[in-house]
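*Asks:* Provided below for reference: sequence and predicted model.
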Amino acid sequence: MSTPTYHPSLALYVVWHPGAPAVSPPPEAGQLAHALHAHFHRDARRLLSRGLGIPVFFRGVPTTPGGPPADIPLDDAEHTVVILLIDDTFIIDPAWEQYALRLHQRVAGHAPGKHLLLPVQMGANRLELGTRNAIRLTASAPLERERQLTLSITHELCRLLLGHQPARNGAGQTPLSSAPVKLFLSHAKLDGQQLAEKLHQYLSSSRSIGVETFFDSRDIPAGSDFAQEIEGNVERSALVVLQTDAYSSRPWCRREVLTAKRLGCPVVVVNAITSEEERSFPYLGNTPSLRWEPQGADRARDVLDMALREVLRATYMRFHLRSLQRMGWIPAQAELQPRLPEVITCLAPSTLGASQEDSTLVVYPDPPLGQEELELLAEANPRLRLSTPTALAMGGTFASGPRTLDKRKVALSTSESAELPGLGLEQEHLDVAWLEFVRHLLAAGSTVLYGGDLRSGGFTEALVDLVMEHRRSARELEGSIVSYIAWPWSMEVSAASEAQLVPKLRFRKLTEDTGMSPEEQQVRRVRLGSLARPTDGTVEDQHVLALNLTAMRGTMAQESHASILLGGRMRGFRGTMPGLVEEAWLTMKDQRPLYVVGGFGGCSRAIANALLGQPAPGLELAAREDSARALVEYRRELGMPAGNTQVPEDTHAAEQFFRARGLAGLNNGLSEEENRRLMVTPHVPEMIFLVLKGLSRLPEPGRPALPA
């Protein structure tokens, strides 16, 4: 049975003019584009944050010199939102002006509410796009302009999605109108009235962006009560809890929180405790919160930002899960949970089953919860089966029994790709994708192998935190992630650094002779002496470095059960061919499973093209690399046959190998159709879904354990 093609429910595209090449610093529009990716998808600076998960793509580089960016595939998603960041350089460039006008016409050619074009006026000048009003950035400070932009777009996205969601209040499948988002301020009159009035005053002034507030019984229509009011507006509502000292002691306040959670209404907590609580209310957890200092800065704007963000999260996740269910990724009988499950929701009548033998599948948004929470929820309701959409790729759920990929060792290899900007991506897209692969592999029980030393930018810390989150016991922590480090870089890992990370992250430090033939060892000794450290300065040094990198990659391939490739540089590599080309060859020659993720371009896309029998200009470019050609000639002069280096002589030879093996040589449990999709999809959830599906189809591994 083939896997249904992934069709995102919502996708954002941010378009901006790159400005003159010599201009420094880069234009503000580019910085705002990255801020939008961090806000609506995931912040690469906060690697473990869940984010909203809405896919965000870029259009900020021309496809040809002086031309516009690549076209936007509007119909690749159910709803596509195009954000035009229009500054003066955008307006005066005819190619980009025409690009914007064509986009306006294309969006207008669809049914109303299908897609959305959002022009953003960055300065005093504007670009005429029919009758569409632009979002005007009136603030002067950069941070304020960023916040103004994200708040305005959040509101527009809420309106778009709410217009396509059926109401619960007896209206059947009638879509919700563009009525304002409703924020209910829940407070204790004893010590929360003043704060509630301050927030109410600020939020009332924000009605221009579609916010309506209720903060007292006088705001509830006659003949209604809180439960009826919030139930009738749950899709567009959020409960803002003003947690003062007296809040948890008030029955009515507690009742409001429980009502909101039972109905699936987002809850935001404003922590305004000044002294102490005699008993904190246990059901205020599993929510975002912020601190309100009585004598500190006014954070009303932060409250509004957080509340609208949570309304968007709930709205998008509800819409997204329904979309996946229609596509067949989620079983029709599953209950959809648009927010993270907790005890109160897991004991709801809909999750208990009609009898002791019944079980209920509850699907909640990716990424999966930590293992300690999953075990608690399983104890609270043993008949509950919890899963994310991606976990369903393996045909399983998160439970206390054996996991689908237990005992699997999966190598995950990536490096930067020069093709990212042309694909509407940047390095943060690849970073987030790599970390999500690690997260899901760990959650499924596998050990993750990767080649390289301690990664900068917070990656090492994030990896350790992921291990702690998805392992059940101290025993499972051992070697959850293994970093393979070639000589001479292996000599640079200090004992203190290694001791800090053991046992969660273990190092496989290779020695200078690992994997070398006697002839190669002799060359190294004659050239360098037994203890010398090579550099990139000479072709002889490059030869020795390349031999050691090849040995590291070969060792990792032999000790893994499968390998995954993402991105990969085609220029500036060490050796006779790019590292990912070498890894692919080493994996395929022993008929180990290989997954080639081509959506980030680079080496992986070039390998995919060769496997598909298509032109692979990236591999030709790599073969012409001056340092690689010089190294090939040097090895020929030494009289070293290609077999002594464990890999083909050069990139051309590797390319012929890939073409000869084809897709059948991947041995990865995926069908030809699924592999073809994996090689082109730009969507990270689909990439992970397909890889996990393939891994789950492979037989139980019987390879020896990693050496101590």
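*Replies:* Done, it's in.
*Asks:* Does His110 touch Leu74 like I think?
*Replies:* Yes: contact criterion C-beta atoms under 8 Å: His110 and Leu74 qualify, at 7.3 Å. (Glycine included, C-beta is placed from N, CA and C.)
*Asks:* These two: which has the busier surroundings?
*Replies:* Higher neighbour count among His110 and Leu74: Leu74, with 20 against 14, using other C-beta atoms under 10 Å.
*Asks:* so where does the nearest residue to that one once chain neighbours are set aside fall, helix or strand?
*Replies:* Counting by C-beta to C-beta, 6 or more residues apart in numbering, Leu74 lies nearest to Thr80, which is 4.7 Å off, once chain neighbours are set aside. Taking DSSP states H and E as the criterion, the element that holds Thr80 is strand 79-86.
*Asks:* Check which helices and strands the next helix or strand after that strand sits against.
*Replies:* Moving toward the C-terminus from strand 79-86, the first helix or strand encountered (DSSP H and E) is helix 88-92. Using 3 or more C-beta pairs under 8 Å, 6 or more residues apart in numbering; DSSP states H and E as the contact criterion, the neighbours of helix 88-92 among helices and strands are helix 94-108.
*Asks:* Work out the gap between the helix it packs on and the centre of the chain.
*Replies:* Averaging C-alpha coordinates over helix 94-108 and over its chain gives two centres that are 30 Å apart (C-alpha atoms, centre = their mean, to the nearest Å).
*Asks:* What residues of that helix count as buried?
*Replies:* Buried positions in helix 94-108, judged by neighbour count with 16 or more other C-beta atoms under 10 Å: 96-97, 99-100, 103-104, 106-107.
*Asks:* could you check the angle strand 79-86 makes with it?
*Replies:* On the basis of axes from the mean of the first three to the mean of the last three C-alpha atoms, to 10 degrees, helix 94-108 is oriented at 150 degrees to strand 79-86.
*Asks:* what does the average pLDDT come to for helix 94-108?
*Replies:* Looking at helix 94-108 alone, the average pLDDT works out to 95.
*Asks:* partners of the strand holding Thr80 in the sheet?
*Replies:* Here strand 79-86 has these sheet partners by DSSP bridges: strand 10-16 (parallel), strand 116-121 (parallel).
*Asks:* how about the ones you listed, which one is nearest Arg508?
*Replies:* In terms of C-beta to C-beta, the element of these nearest to Arg508 is strand 10-16, at 39.4 Å.
*Asks:* For the closest one, list the C-alpha coordinates in CSV.
*Replies:* Taking C-alpha atoms only, strand 10-16 is exported to CSV below (Å, rounded to 0.1, in the frame of the first residue of the first chain):
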residue,chain,number,x,y,z
LEU,A,10,-0.9,25.8,5.6
ALA,A,11,2.3,27.1,4.3
LEU,A,12,3.9,30.6,4.5
TYR,A,13,6.2,32.2,1.9
VAL,A,14,8.1,35.3,2.8
VAL,A,15,9.2,37.4,-0.2
TRP,A,16,11.8,40.2,0.1
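*Asks:* So which residues of the stretch 201-350 of the chain form helices?
*Replies:* Along the stretch 201-350 of the chain, the stretches classed as helices by DSSP state H, counting those that start in this stretch are 226-232, 251-263, 300-327, 343-346, 349-352.
*Asks:* One more: the stretch 351-500 of the chain?
*Replies:* For the stretch 351-500 of the chain, the helices defined by DSSP H, counting those that start in this stretch cover 371-380, 427-443, 459-470, 474-477, 495-501.
*Asks:* Tell me which of these sits nearest to Val632.
*Replies:* The closest approach between Val632 and any of those, judged by C-beta to C-beta, belongs to helix 427-443 at 29.3 Å.
*Asks:* And the closest one, what does it pack against?
*Replies:* Here helix 427-443 is seen to pack against helix 28-40, strand 409-415, strand 447-451, helix 459-470, strand 562-567, helix 684-697 when contacts are counted using 3+ C-beta pairs under 8 Å, 6+ apart.
*Asks:* Take these and lay them out in TSV including mean pLDDT and mean neighbour count.
*Replies:* Written out in TSV, the entries for the helices and strands packed on helix 427-443 read as follows (pLDDT from 0 to 100; neighbours: other C-beta atoms under 10 Å):
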stretch	mean pLDDT	mean neighbour count
helix 28-40	94	21
strand 409-415	93	24
strand 447-451	90	24
helix 459-470	70	19
strand 562-567	96	27
helix 684-697	92	23
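*Asks:* for the ones you listed, which one sits closest to Leu336?
*Replies:* For these, the distance to Leu336 is smallest for helix 684-697, at 15.6 Å, taking C-beta to C-beta.
*Asks:* And for that closest one, what's in contact with it?
*Replies:* Contacts to helix 684-697, defined as C-beta atoms under 8 Å, 6 or more residues apart in numbering, come from residues 3, 6, 55, 329, 366, 389-391, 393-396, 404-405, 408, 410, 432-433, 436-437, 440, 444, 446, 562, 564, 593, 595, 597, 599, 668-670, 674, 677-678, 681.
*Asks:* try stretch 32-50
*Replies:* Around stretch 32-50, the neighbours that count as contacts under C-beta under 8 Å, 6+ apart are 12, 14, 16, 51-56, 58, 60, 83, 85, 145-146, 149-150, 153, 157, 367, 426-429, 431-432, 435, 457-459, 462, 465-466.
*Asks:* Quick one, which of the residues you listed are buried?
*Replies:* Buried residues within the contacts of stretch 32-50, counting neighbours by 16+ other C-beta under 10 Å: 12, 14, 16, 51-56, 58, 60, 83, 85, 145-146, 149-150, 153, 157, 367, 426, 428-429, 431-432, 435, 458-459, 462, 466.
*Asks:* With distance to Val691 and mean pLDDT as extra columns, can I get the strands paired with strand 79-86 in TSV?
*Replies:* Listed next are those as TSV, based on distance: least, C-beta to C-beta, whole Å; pLDDT from 0 to 100:
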stretch	distance to Val691	mean pLDDT
strand 10-16	21	97
strand 116-121	32	94
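*Asks:* so can I have CSV of the ones you listed showing distance to Arg506?
*Replies:* What follows is the strands paired with strand 79-86, written out as CSV (distance: least, C-beta to C-beta, whole Å):
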stretch, distance to Arg506
strand 10-16, 39
strand 116-121, 48
